[in-house]
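S.K.: The following comprises the amino acid sequence and a computationally predicted model.
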Amino acid sequence: MSQSRVLSLLGLAARGHNVASGEFQTQGAVKDGSAMLVIVAKDASENTRKLFTDKCSYYGVPICLYGGKEALGGAIGKEARSSLAVCDAGLAQAIRKALDADAEGKVEWR
């Protein structure tokens, strides 16, 4: 699987209104239990990465560092985004499989 597979699945999730994007919406999805997977851009600030690592650890949500802000935002049809929460269990599972199958090891699970 390639990066384009992950990004196309994120686009599919966004078209189905199953993505919370941006820091505040992603935090809200994690806190209210609707987030099934959180993706944080590798080029996000250290504070953002720590914030979501801590929140997801506390609430038991899988989190990974993947891609860049521009790529994540572009995948869901928005401007640059440093964090996304996938709020559908089936899509989250498909995205996790695509991330795990990434042969180049660009994924960092936390």
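M.R.: That came through fine.

S.K.: switch to C-alpha atoms for all contacts and neighbour counts from now on
M.R.: Fine.

S.K.: Quick check: residue 34 vs residue 50, distance?
M.R.: Per Cα to Cα, to the nearest Å, residue 34 is found 20 Å from residue 50.

S.K.: Looking at these two, which has the bigger crowd around it?
M.R.: Using other Cα atoms under 10 Å as the criterion, residue 34 and residue 50 rank with residue 34 on top: 19 against 11.

S.K.: Where does the most centrally placed residue in the chain sit, in terms of helix or strand?
M.R.: Most central in the chain under Cα atoms, centre = their mean is residue 39, positioned 2.1 Å from the mean C-alpha point. Assigned by DSSP states H and E, residue 39 belongs to strand 37-40.

S.K.: Return the list of strands paired to that strand, each annotated with direction.
M.R.: With DSSP bridges as the test, strand 37-40 is paired with strand 63-65 (parallel), strand 83-86 (antiparallel).

S.K.: So which of the ones you listed is the most surrounded?
M.R.: Among the strands paired with strand 37-40, ranked by average contacts under mean count of other Cα atoms under 10 Å, first place goes to strand 83-86 (a mean of 28).

S.K.: For the strand holding residue 39, list every residue counted as buried.
M.R.: 37, 38, 39, 40 (16 or more other Cα atoms under 10 Å).
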